[in-house]
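Participant: sequence and predicted structure, then a few things I'm wondering about:
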Amino acid sequence: MTQAPEFETILYKTEGKIATITLNRPEQLNTIVPPMPDEVEKAVAIATLDENVSVIVLRGAGRSFCGGYNFGGGFHHWDSHMNTDGQWDPGKDFAFSTAPQVAPTQKFLSVWRTSKPVIAQVHGWCVGGGSDFALSADLIVASDDAMIGTPYSRMWGCYLSGMWLYRLGLTKAKEYALTGKPLSGAEAAEAGLINKAVPFAELESTVATLAEQLSNIPLSQLSAMKLIVNQAYDNMGLASTQTLGPILDGLMRNTPDAKRFIDLAQTDGVRAVVTERDGLFGDYSQGPAERQPNPEHVIIP
């Protein structure tokens, strides 16, 4: 096993033919802040260039895979890319959100573009931009009680990677796009959003077995099969969807309703706006205990 290099928001290690990238902000539910997208992209590049690696596994430390983008203080950690003189600059925003060299979504999509198969190991909360990231992997295995959703469908966002659309198909894509309601891991597997759901106690071993099986297939075979499937979806317009999504996301973060939403988050706290957004639906943090991930289900890197 090797452990390197040092990162600020993730961990990277290899064992045999398998590289593991772990989102490592457990106290913040692995919410996305700089430099996480850059570090994920760098780790994927390291794994792609490593001739000894055949499979990449994604996971989150602590009790969640990823709680999405951190908006508690607005998006001020990306202000220089989105604002001019303290005001939202739509020209800067769309350029930032679509350029592969800087766009967070494009950096996370490195898992889609790498020639090596990527398995997402999902537990706990996998919401917002975190779900867009996880669904960009080639295979997704989740714990039964994981909760996967896009609360930004209701306020302050839009689909970023397009993977919800392409994985679900028209009927279910419309349902979840318009309601923003989450699915448990078990429901996501039944709907075809992910590949498989298992009890949390079996999650790590299930992913490890799958990764080991794939690693024993010649890498050229894995790369060829991934390429032909990806190319088919690129031909369906995936790249253009991934361009439009972040542009619309920027617009939806700057409507009068969205500005009120973020102002309230800054004055009254994230819990207040989340309660207002999700209370009517009775889900996410406003849902009953049985519709929330078990907080005792923790991944220790």
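Facilitator: Yes, it's here. All values reported here derive from a predicted model rather than from experimental measurement. Numbering: from 1, shown residues only.

Participant: so, low pLDDT: which residues of this structure?
Facilitator: The model of the chain has pLDDT under 70 over residues 1-4, 72-75.

Participant: who's sitting farthest from the centroid in it?
Facilitator: Distance from the C-alpha centroid of the chain, by C-alpha atoms, centre = their mean, peaks at Asp85 (30.9 Å).

Participant: show me what contacts that one?
Facilitator: Contacts for Asp85 were tallied using C-beta atoms under 8 Å, 6 or more residues apart in numbering; there are none. For every residue, glycine as well, the C-beta is placed using N, CA and C.

Participant: residues near the nearest residue to Ile32 once chain neighbours are set aside, how many?
Facilitator: Setting aside the residues directly before and after it, Ile32 is nearest to Tyr69 in space (C-beta to C-beta, 6 or more residues apart in numbering), at 4.7 Å. Other residues near Tyr69 come to 24 when the count uses other C-beta atoms under 10 Å.

Participant: surely Tyr69 meets Leu29?
Facilitator: No - the criterion here is C-beta atoms under 8 Å, and Tyr69 misses it with Leu29 at 11.5 Å.

Participant: where along the stretch 101-250 of the chain do the strands fall?
Facilitator: 118-122, 125-127, 139-143, 147-149, 183-184, 196-198 (DSSP state E, counting those that start in this stretch).

Participant: partner strands of the fifth one, with direction?
Facilitator: Pointing back at strand 183-184 there. Strands that pair with strand 183-184, judged by DSSP bridges, come out as strand 147-149 (antiparallel).

Participant: quick one: residues in contact with the strand it pairs with.
Facilitator: If you take C-beta under 8 Å, 6+ apart as the criterion, strand 147-149 is touched by 122, 124-128, 131, 134, 142, 176, 180-185, 188, 193-194, 283-284, 291-293.

Participant: next, format the strands of the stretch 101-250 of the chain as a markdown table and append mean neighbour count and distance to Lys259.
Facilitator: Converted to a markdown table, the strands of the stretch 101-250 of the chain look like this (neighbours: other C-beta atoms under 10 Å; distance: least, C-beta to C-beta, whole Å):
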| stretch | mean neighbour count | distance to Lys259 |
| --- | --- | --- |
| strand 118-122 | 27 | 32 |
| strand 125-127 | 29 | 22 |
| strand 139-143 | 27 | 34 |
| strand 147-149 | 27 | 23 |
| strand 183-184 | 22 | 30 |
| strand 196-198 | 19 | 38 |
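
Participant: Pro35 is nearest to which of those strands?
Facilitator: strand 118-122 (20.1 Å; C-beta to C-beta).

Participant: what's the angle between the closest one and strand 139-143?
Facilitator: 20 degrees (axes from the mean of the first three to the mean of the last three C-alpha atoms, to 10 degrees).

Participant: using CSV, write out every CA atom in strand 118-122.
Facilitator: Extracted C-alpha coordinates of strand 118-122, given in CSV (Å, rounded to 0.1, in the frame of the first residue of the first chain):
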residue,chain,number,x,y,z
VAL,A,118,-14.3,4.4,-11.4
ILE,A,119,-16.6,3.0,-8.6
ALA,A,120,-18.4,5.4,-6.3
GLN,A,121,-19.0,4.0,-2.8
VAL,A,122,-21.9,6.0,-1.4
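
Participant: who touches it?
Facilitator: By C-beta under 8 Å, 6+ apart, strand 118-122 touches 44, 55-60, 65, 111-112, 134-143, 146, 148, 185, 194, 203-204, 207, 210-211, 214, 299.

Participant: tell me how far it lies from the chain's centre.
Facilitator: Here the centre of strand 118-122 is set off from its chain's centre by 10 Å, with C-alpha atoms, centre = their mean, to the nearest Å.

Participant: equivalent analysis for stretch 98-114, please.
Facilitator: Using C-alpha atoms, centre = their mean, the offset of stretch 98-114 from its chain centre is 12 Å.

Participant: may I see the buried residues of it?
Facilitator: Judged by neighbour count (16 or more other C-beta atoms under 10 Å), stretch 98-114 contains these buried residues: 98, 103-112, 114.

Participant: let's see it as CSV, backbone CA atoms only.
Facilitator: The C-alpha atoms that make up stretch 98-114 are tabulated as CSV, following Å, rounded to 0.1, in the frame of the first residue of the first chain:
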residue,chain,number,x,y,z
THR,A,98,-17.8,25.9,-18.2
ALA,A,99,-14.0,26.1,-18.7
PRO,A,100,-12.4,22.7,-18.1
GLN,A,101,-9.3,24.4,-16.6
VAL,A,102,-11.2,26.0,-13.7
ALA,A,103,-14.8,24.8,-13.5
PRO,A,104,-15.5,22.6,-10.5
THR,A,105,-18.0,20.4,-12.3
GLN,A,106,-15.6,19.9,-15.2
LYS,A,107,-12.8,18.9,-12.7
PHE,A,108,-15.1,16.4,-11.0
LEU,A,109,-16.0,15.0,-14.4
SER,A,110,-12.4,13.8,-14.6
VAL,A,111,-13.8,10.6,-13.2
TRP,A,112,-16.0,10.3,-16.3
ARG,A,113,-13.2,11.1,-18.6
THR,A,114,-10.4,8.9,-17.2
